[in-house]
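Undergrad: Here is the input, now give the coordinates:
(2 chains)
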Amino acid sequence: MEKRGPAGETNVGKILEDIAGQVKRRGLIVLVSDLLDEPEAILKGLRQFRFKGNDVIVFHLLDQAELDLPFDGNILFEDLEATNLQVIADPRTIRTTYKQVVQEFIDDMRKQCRDNTIDYQIISTATPLDQALASYLSWRG
Amino acid sequence: MLIHLLNRRQLKEDPLSRRALHPALTKTHLAQLSFAPLVLLALRTLAVVFLALLLANPIFQTGAGLFAGGGPVALVVLLDNSLSMTWSGDGNGFKQAKDAARMLISALSDGDRAAIVPTNLSGKEAVSAERTKRRPAAGIG
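TA: This is a model prediction of the structure:
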């Protein structure tokens, strides 16, 4: 991990399935991700860990700006993983719908995790990481 | 217990003495007869308690926090290292994910095993990491 940096597209669902099929020892599986992948693919992988008796925790990492879209003026939004996908939009006109869609995504992931006995914790960059984790650990303990 | 007591209240009182109907009854027999409802109450209460214990999850555990419960822990941290994790309004989401992994691993005890698996690895590489790493807290950077 020291040398390996971010690269490529989000493909969490696929790698979860690969690893779930090969990890033999029961234990604690912690996923730290922005979950920008097909939700059903992610959940399918996580369910496999649960099926094998592992405890599973999802830390959903999101930047506060991804939650609030606090920009003004015409902005060029660029998909970091798809090189040719760019959208110009005025955040003021899309903010309400955007926040609604993001909230629905978060609510759905939380519900799906709960239904599968998976701990789900959203972590925003607005909250210091140590504080967010300490809060979660104290809740779990 | 409530049902038991309500049932007792619904019993019709018989003005005839049991002793008169059963002259052979001794004081010991009569004492046993009045003791029987208490035994029944205790059995019913225990049945409810055992049923509750059967369905319960542990509340009080040894230790605290993420790794409560005692015994060695096998921890797998799946780090999303896709490009979408690099975006952040004031920092680097991937760096924050690594910080989260570092904090989780720092909570491990001697004898626990841990692996950090980036999601942009092949399954083979991931399992190799799981088998060989042990407390790699200093290896995250």
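Undergrad: quick one, what contacts A:His60?
TA: Residues in contact with A:His60 (CB atoms under 8 Å, 6 or more residues apart in numbering or on different chains) are A:33-35, A:106, A:109, A:120-123. (C-beta placed from N, C-alpha, C; glycine too.)
Undergrad: Closest to B:Gly111 out of those?
TA: Relative to B:Gly111, the closest of those is A:Gln121; by CB to CB it sits at 26.2 Å.
Undergrad: Name every strand pairing with the helix or strand that contains the closest one and say which way it goes.
TA: In the assignment (DSSP states H and E), A:Gln121 maps to strand A:119-124. Strand A:119-124 sits in its sheet next to strand A:55-62 (parallel), going by DSSP bridges.
Undergrad: Pass me the low-pLDDT residue ranges in chain A, would you?
TA: Applying pLDDT under 70 to chain A flags residues A:1-11, A:24-25, A:80-83, A:140-141.
Undergrad: What segments of it are helices?
TA: With DSSP state H, the ranges of helices along chain A come out as A:12-20, A:39-51, A:64-68, A:91-115, A:129-140.
Undergrad: Show me what the last one is packed up against.
TA: Right, the one you point to is helix A:129-140. In this structure, helix A:129-140 packs against strand A:119-124, helix B:93-106, with contacts taken as 3 or more CB pairs under 8 Å, 6 or more residues apart in numbering or on different chains; DSSP states H and E.
Undergrad: Return the member of those having the minimum mean pLDDT.
TA: For the helices and strands packed on helix A:129-140, mean pLDDT drops lowest on helix B:93-106, to a mean of 81.
Undergrad: could you check the angle helix A:129-140 makes with it?
TA: Computed by axes from the mean of the first three to the mean of the last three CA atoms, to 10 degrees, the angle separating helix B:93-106 from helix A:129-140 equals 50 degrees.
Undergrad: ok, then the element right after helix B:93-106?
TA: For helix B:93-106, the succeeding helix or strand toward the C-terminus, using DSSP H and E, is strand B:113-118.
Undergrad: wait, does that following strand contact chain A?
TA: Yes: using CB under 8 Å from any CB of the partner chain, strand B:113-118 reaches chain A at B:113, B:116-118.
Undergrad: Output those in JSON lines, with neighbour count and pLDDT appended to each entry.
TA: As requested, the residues of strand B:113-118 next to chain A are exported to JSON lines (neighbours: other CB atoms under 10 Å in any protein chain shown; pLDDT from 0 to 100):
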{"residue": "B:Arg113", "neighbour count": "19", "pLDDT": "83"}
{"residue": "B:Ile116", "neighbour count": "26", "pLDDT": "86"}
{"residue": "B:Val117", "neighbour count": "28", "pLDDT": "84"}
{"residue": "B:Pro118", "neighbour count": "24", "pLDDT": "85"}
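Undergrad: Dig out what A:Ile57 forms beta bridges with.
TA: Using DSSP bridges, the beta-bridge partners of A:Ile57 come out as A:Val30, A:Asp119.
Undergrad: What's the local residue count around it?
TA: Burial measure for A:Ile57: 21 neighbouring residues, criterion other CB atoms under 10 Å in any protein chain shown.
Undergrad: Equivalent analysis for B:Leu108, please.
TA: Around B:Leu108 there are 19 other residues, counting by other CB under 10 Å.
Undergrad: hang on, isn't it packed against B:Val77?
TA: No: contact between B:Leu108 and B:Val77 fails when scored by CB atoms under 8 Å: they sit 10.7 Å apart.
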